[in-house]
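[1] Everything below, folded, please.
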Amino acid sequence: FQPFIPVLDNNPIFAGSNIAYPFVTNWLSGMLISAGTALDTAFVTPSIAFSLALLFSLFIFGRVLTHSGWVAVLGISLFFLSGGLEFYYYLGDLAVEFSWEKVLSAPHHYTFLEEHGFYWKSIILSSLIPQRALLLGMPCMLLSLTYITARYQTGFTGTSYRTLFTVGLATGFLAIIHTHSLLVLFLICCCLFISDLKNYRFWLSFAFGVSCTALPWLPFLLGDNTSGFMQFHPGWYGASEGDSPFIDWLWFWFKNWGLFFPLCLITLVLLFIRGGQFLGFGSGSDGKQQPLFLAFSLLFVLANVFQFQPYLWDNTKILLWAHLGLSFLVAQLVARIFNKGYPAKVIASTMVMLMVFSGLIDLVKSLHVERESHTMVSSGQIELARQLRDLSDPTDIILTPDYHLHFITTISGRGVLMGYRGWLWSYNIDYAERERDIKAIYSGATNTNALLQKYAIEYIVVDELAVRDFSANRAYFESNFATVLSNREATIYRVDD
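    Below you'll find the predicted structure:
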C-alpha cells in the first residue's frame, strides 16, 4: 500500500515494469488499509459507496435522456437484468425435474452457458461485482456524460468555456479510474460533436480539459507493446464460417439479447424515420436524440468489428455501454406501448418480463448468500499476509504462484514477480521468459541463485499451489533458505543477499 506516484513505476503483478491498468480503486482501498481500516471494510465500504453513486448517476442520466423518471427506472432495470433466451434452458430443467427449490434458486447461473453459445452474461455478476474499477468508472463517466448531454440538448446556452474545461479536467482522470469508460465517452462525444459543429468551441474546451489530465497517464497504461489491441475481428463471439454468416450473427445476438435485440432495431428505425417526439421523448427532442442513440449503436457496431484487447470477451467493456444507452431507448418504446390501453399494458409487461427473465433468474440465485458464498482467502492466509507486510519493505519483490486470488497478490500490499498469467496476457505483457525462470527457481535448478539476483527477489512463498503449478521442490528450499513465516497454509523463505 504505497504512495500514489511510486505506484506508477512498479506494476504489483509484474515487478520491474510500469503499471498497465487503471488502479485508482485498488489504491483507494490500499490507502484505507494504511490508515488503519480493517481489510474487509477497506474493500466493502468503497464498493457500497460506488454502487450507490452508480444508481444515482444512472437515474440522472436516464432522466436527462428520456425526460421521464419511470422510463429511466425501466431502462435501468433492462440494463441490470439483461439476458437473452437462456431462460429456455431453465424452463427445460424445471420440466425435466420440477421442484420449488429450483424455482426459488436455479441450479446454476443460466447467463453463463457458453457451451450453448451464450456469451452475454449477467452484467451484475460478470462485470459490476468483480470489476471494482468499472463500479467506480461508470458513475464518474455517467456524471460527465449527463452534464455534456444536458448542455448539448440546450445548445450550450448559459455554459461558459471555463466550466466545460473544468469538467473536462475532472473527466480526464477516468484514464486511471476506468480507461474503457473514457474511450466510450470519447466516441460518444465525437458523434455529438459532428452533429453540433456550430458549437465547436464548447466541445474543444471540454476536449482540451480532458486531454490535460488524461494524456499524461496513457504511456503508463499502454505500456511498450500494443500489438494485441485493436485487431479486426468481425462478429465478436457470433462470428461464423457457415453459408450465412450474417444470419448466424443476427441469431447469435437474438439468443444473447433476446427480445431486446429486435426491439432495439425497431426503435432505432422509428427514431430516425418518425423522430423523437413519435417515441414520446417530448417536444424539442428531434435532432438531439438521434445522434445520442446513434453513438450508442456505433459502440455496438465497433465492438462487433474490432477486438479491443487480447482477450475477446473484454469487448463487453464497450458493449455494456452500448446496451446501457439502448436500454433507455427500448424503455421509451415499451412505455409508449404501455400507455396505449389495457391490452397494450399486458403486451408491454410481457415484453419486459421476457427481456429480464434470464437476468432475474441469475440475480435471484445470487441472493442466496449461504449457497453463493466462496472463500477467497483463509484466515491463516490473511495472517501470513499481515505478518509479511510488517516484516518486509514496500518495494520488496515476492515470488509466488500466479493464482489470481493468491493471498500475497491480493492482500499483502507487496509486488510479486509474476501475477496471474491470464491478467498479464490480457494486458499484452510478454511473460514467457519470466515464467520459465520461475519454474527453474521453484524446481531448485542450478542457476537458481543467479535468477534470484537477476530479479532481486527478497522472499519466496511455497504452498500447495507452488507445488501443483510450478513443481516446487520443498526439500530444496528447506535446505537452502531460512524460514521466516510458516503455517499450514504456506511457508515463506527469505533470500539472503
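
[2] Output the longest helix belonging to the protein.
    Counting residues, the longest helix found in the chain (DSSP state H) is helix 39-66.

[3] and after that helix, which helix or strand comes next?
    helix 69-80 (DSSP states H and E).

[4] That next one relative to helix 39-66, how many degrees between them?
    130 degrees (axes from the mean of the first three to the mean of the last three CA atoms, to 10 degrees).

[5] what about helix 69-80, average pLDDT?
    Here helix 69-80 scores 96 as its mean pLDDT.

[6] Give me the distance between that helix and the centre of its chain.
    Distance of helix 69-80 from its chain centroid, counting by CA atoms, centre = their mean, to the nearest Å, is 20 Å.

[7] ok so, going back, in terms of secondary structure, what does the longest helix of the chain contact?
    Here helix 39-66 is seen to pack against helix 24-34, helix 69-80, helix 132-153, helix 316-338 when contacts are counted using 3 or more CB pairs under 8 Å, 6 or more residues apart in numbering; DSSP states H and E. Backbone N, C-alpha and C define where each C-beta goes, glycine included.

[8] now the angle between helix 316-338 and that helix, please.
    Helix 39-66 runs at 50 degrees relative to helix 316-338, counting by the same axes, to 10 degrees.

[9] which parts of helix 39-66 are buried?
    Buried residues in helix 39-66, counted by 16 or more other CB atoms under 10 Å: 39, 42-43, 46-47, 50-51, 53-54, 57-66.

[10] which residues does residue 219 contact?
    Residues counted as contacts of residue 219 (CB atoms under 8 Å, 6 or more residues apart in numbering) are residue 18.

[11] That one looks like it's in a helix, true?
    Yes. Secondary structure of residue 219, determined by DSSP: H, G, I helix; E, B strand; the rest coil: located in a helix.

[12] before we move on, the earlier item: quick one: which of the helices and strands packed on helix 39-66 is nearest residue 254?
    With CB to CB, the closest approach to residue 254 among these belongs to helix 316-338: 14.2 Å.

[13] For that closest one, what is the distance to the chain centroid?
    Computed by CA atoms, centre = their mean, the chain-centroid distance of helix 316-338 equals 19 Å.

[14] Then stretch 424-436?
    In terms of CA atoms, centre = their mean, the centre of stretch 424-436 is set 21 Å apart from its chain centre.

[15] mean confidence score for it?
    Taken as a whole, stretch 424-436 has a mean pLDDT of 90.

[16] and what of stretch 168-185?
    Rounded to a whole number, the mean pLDDT of stretch 168-185 is 95.

[17] What are the buried residues along it?
    The neighbour-count check on stretch 168-185 (16+ other CB under 10 Å) flags 168-169, 171-185 as buried.

[18] what do you get for stretch 482-495?
    485, 489, 490, 491, 492, 493, 494, 495.

[19] Among those, which has the minimum pLDDT value?
    Lowest pLDDT of the buried residues of stretch 482-495: residue 489, 90.

[20] contacting residues around that residue?
    With contact taken as CB under 8 Å, 6+ apart, residue 489 is in contact with 378, 380, 381, 384, 407, 463.

[21] Does the third one touch residue 405 like I think?
    Going back to what we said before, that points to residue 381. No. Contact criterion CB atoms under 8 Å: residue 381 and residue 405 do not qualify, at 9.6 Å.

[22] Those two: who's more crowded?
    residue 381 (22 against 13; other CB atoms under 10 Å).

[23] Identify the residues contacting that one.
    With CB under 8 Å, 6+ apart, residue 381 has these contacts: 407, 411, 489, 490.

[24] since we're on residue 382, how many residues are nearby?
    The burial count for residue 382: 18, using other CB under 10 Å.

[25] Surely it touches residue 408?
    No. Checked against CB under 8 Å, the pair residue 382 and residue 408 is beyond contact range at 11.3 Å.

[26] And the contacts of residue 489, which is closest to residue 396?
    Closest to residue 396, out of all of the contacts of residue 489 and judged by CB to CB, is residue 384, at 14.8 Å.

[27] Within the helices and strands, which one has that closest one?
    If you go by DSSP H and E, residue 384 is part of helix 379-391.

[28] For that helix, buried residues please.
    Residues 381, 382, 384, 385, 388, 389 are the ones in helix 379-391 that count as buried (16+ other CB under 10 Å).

[29] Direction included, what does the helix or strand following it pair up with?
    Using DSSP H and E, the helix or strand that directly follows helix 379-391 along the chain is strand 397-399. With DSSP bridges as the test, strand 397-399 is paired with strand 415-416 (parallel), strand 457-463 (parallel).

[30] Please convert the ones you listed to CSV, extending it with distance to residue 21.
    Converted to CSV, the strands paired with strand 397-399 look like this (distance: least, CB to CB, whole Å):
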stretch, distance to residue 21
strand 415-416, 14
strand 457-463, 23
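
[31] show me the contacts for residue 76.
    Neighbour list for residue 76: 55, 58, 59, 62, 327 [criterion: CB under 8 Å, 6+ apart].

[32] May I have the secondary structure class of residue 22?
    Residue 22 is classified as coil under three-state DSSP.

[33] Determine the number of other residues adjacent to it.
    Residues lying near residue 22 (other CB under 10 Å) number 25.

[34] again, but for residue 294
    With neighbours defined by other CB under 10 Å, the count for residue 294 comes to 18.

[35] Ignoring the adjacent residues along the chain, who's closest to it?
    residue 191 (5.9 Å; CB to CB, 6 or more residues apart in numbering).

[36] Residue 302 versus the one you found, what's the distance?
    The gap separating residue 191 from residue 302 is 11 Å, by CB to CB, to the nearest Å.

[37] circling back: what's the closest of the contacts of residue 489 to residue 20?
    Nearest to residue 20 among those: residue 407, at 22.5 Å, using CB to CB.

[38] show me what contacts the closest one?
    Here residue 407 is in contact with 377, 378, 381, 382, 384, 385, 489, 490 (CB under 8 Å, 6+ apart).

[39] Report the buried residues of stretch 187-203.
    Applying a neighbour-count criterion of 16+ other CB under 10 Å, one finds 187, 188, 189, 191, 192, 193, 195, 196, 199, 202, 203 buried in stretch 187-203.

[40] want to throw these into JSON lines with distance to residue 242?
    Below are those laid out as JSON lines (distance: CB to CB, whole Å):
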{"residue": "187", "distance to residue 242": "31"}
{"residue": "188", "distance to residue 242": "34"}
{"residue": "189", "distance to residue 242": "38"}
{"residue": "191", "distance to residue 242": "33"}
{"residue": "192", "distance to residue 242": "38"}
{"residue": "193", "distance to residue 242": "39"}
{"residue": "195", "distance to residue 242": "38"}
{"residue": "196", "distance to residue 242": "42"}
{"residue": "199", "distance to residue 242": "47"}
{"residue": "202", "distance to residue 242": "48"}
{"residue": "203", "distance to residue 242": "44"}
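
[41] List just the nearest of those to residue 310.
    residue 187 (20.6 Å).

[42] Could you name the specific helix or strand carrying the residue lying closest to residue 313 once chain neighbours are set aside?
    Nearest residue to residue 313, sequence neighbours excluded (CB to CB, 6+ apart): residue 119, at 6.9 Å. Counting by DSSP H and E, there is no helix or strand that carries residue 119.

[43] Looking at the contacts of residue 76, which is nearest residue 151?
    Nearest to residue 151, judged by CB to CB, of the contacts of residue 76 is residue 62 at 17.2 Å.

[44] Could you check how far that closest one is from residue 110?
    Distance, residue 62 to residue 110, by CB to CB: 27 Å.
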